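Participant: Would you be able to build a 3D model of this:
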Amino acid sequence: MRIHHLDCGSHHPLGGRLYDDASTGLYAHICTHCMLIELADSLVLVDTGYGLQDVRRGGRRRLSHLWPLVLNPALLEAQTAIRQVEALGYSANDVRHIVLTHLDFDHAGGLEDFPAAVVHLLAVEKAAAEMRHQGLVGRQRYRPRQWDSVREWRTYSPLGERWYGFDAVRQLEGLPPDLLLVPLSGHTRGHAGVAVATAAGWLLDAGDAYLHRSELTADQRMPPGLAVYERIMMADPPAARANLARLKELHQGHAPQVQIFCSHDTSELLQLQASTT
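Facilitator: Numbers count the residues shown, from 1 in each chain. Next up is the predicted model:
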């Protein structure tokens, strides 16, 4: 197994350090961290970032008006998952499985670029995304045009085994037991993490269960702009806080065995890219 850590959609909101605690200019740099996993006979994507149609149409109709205005996504074709897969010498049809942490617009935009892939996610997330009456945040975050032509879905109920303090952890159909779906509701109703066993231990992609590394430690304060965005986007704040507390416990008690990262911390992405598994 080989894992590639990709940025499949950078954002540059006005505010600089208010969002990422590192930028020196007016605009921040916030990644969309996806994984590409090479198996013996196929590829697996964990999240997809923005897709070709988001980029080529400038996001018109596929993306909402509000969040692109706030987040200022770069929408670069070279950053799409399909172009990065091709740059590694593969084709879209080599991606047989896509595992989603959730269906937000910046995670699901590339689904239709991989028509041969089976898409895996929690059933409650798909149901939430398909609700007719979602409220303002739901209508802005879930964009059915990004995934209305997906051919094959695999949805999972909240049943499974216990894993490092988390309940209902599931293996994924058609994939090796090295990949697990870890329910982490809060950011969305059906948000999940994705755990991958490697020779060096487990990697846990926590998706948007947190947005900045400071949330797992007491070393520094979370950038205030990012904290506001995180709070606005929480579908279930009590569940989000409970799962963040579990992630903190996991980080503090099992850091050598489990390395946790999230979708939008650029420093975490750069660290993992420098030590590709």
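Participant: Show the pLDDT at the residue nearest the centre of the chain.
Facilitator: For the chain, the residue sitting closest to the mean C-alpha position, by Cα atoms, centre = their mean, is residue 207 at 4.0 Å. Among the per-residue scores, residue 207 shows a pLDDT of 99.
Participant: Correct me if wrong: it contacts residue 106.
Facilitator: No - using Cβ atoms under 8 Å, residue 207 is not in contact with residue 106; the gap is 10.9 Å. C-beta here means a position set from N, CA and C on the backbone, and glycine is covered the same way.
Participant: Who are the contact partners of residue 184?
Facilitator: Contact analysis of residue 184 by Cβ atoms under 8 Å, 6 or more residues apart in numbering lists 101, 166, 191-193, 206-207, 209, 243, 247.
Participant: repeat that for 7 Å
Facilitator: Residues in contact with residue 184 (Cβ atoms under 7 Å, 6 or more residues apart in numbering) are 191-193, 206-207, 209, 243.
Participant: Kindly report the same for residue 124.
Facilitator: Listed by Cβ under 7 Å, 6+ apart, the contact partners of residue 124 are 189-190.
Participant: That one: which element?
Facilitator: Assessed by DSSP states H and E, residue 124 sits inside helix 123-129.
Participant: Which of the residues in that helix are classified as buried?
Facilitator: Buried residues in helix 123-129, counting neighbours by 16 or more other Cβ atoms under 10 Å, are found at 124-126, 128-129.
Participant: what's the answer for stretch 108-116, then?
Facilitator: 108-114.
Participant: That one spans what distance, first to last residue?
Facilitator: End-to-end span of stretch 108-116 (Cα to Cα, to the nearest Å): 15 Å.
Participant: quick one on the thing from earlier: can you confirm the residue nearest to the centre of the chain is in a helix?
Facilitator: No - with DSSP: H, G, I helix; E, B strand; the rest coil as the criterion, residue 207 is assigned coil and is not in a helix.
Participant: how about the nearest residue to residue 260, chain neighbours excluded?
Facilitator: For residue 260, ignoring the flanking residues on the chain, the nearest one in space by Cβ to Cβ, 6 or more residues apart in numbering is residue 204 at 4.7 Å.
Participant: Then residue 53?
Facilitator: residue 62 (5.9 Å).
Participant: thinking again about what came up before, which SSE is immediately downstream of the helix holding residue 124?
Facilitator: Going down the chain from helix 123-129, the next helix or strand is helix 135-141, by DSSP H and E.
Participant: quick check, distance from that next one to the centre of its chain.
Facilitator: 18 Å (Cα atoms, centre = their mean, to the nearest Å).
Participant: follow-up on the earlier one: for ChimeraX, what selects the buried ones among the contacts of residue 184?
Facilitator: In ChimeraX syntax, the buried subset of the contacts of residue 184 is picked out as below (16+ other Cβ under 10 Å):
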select :191,192,193,206,207,209,243
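Participant: want to try a markdown table for the contacts of residue 184, with distance to residue 175 as columns?
Facilitator: Output for the contacts of residue 184, formatted as a markdown table (distance: Cβ to Cβ, whole Å):
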| residue | distance to residue 175 |
| --- | --- |
| 191 | 20 |
| 192 | 14 |
| 193 | 15 |
| 206 | 19 |
| 207 | 18 |
| 209 | 21 |
| 243 | 23 |
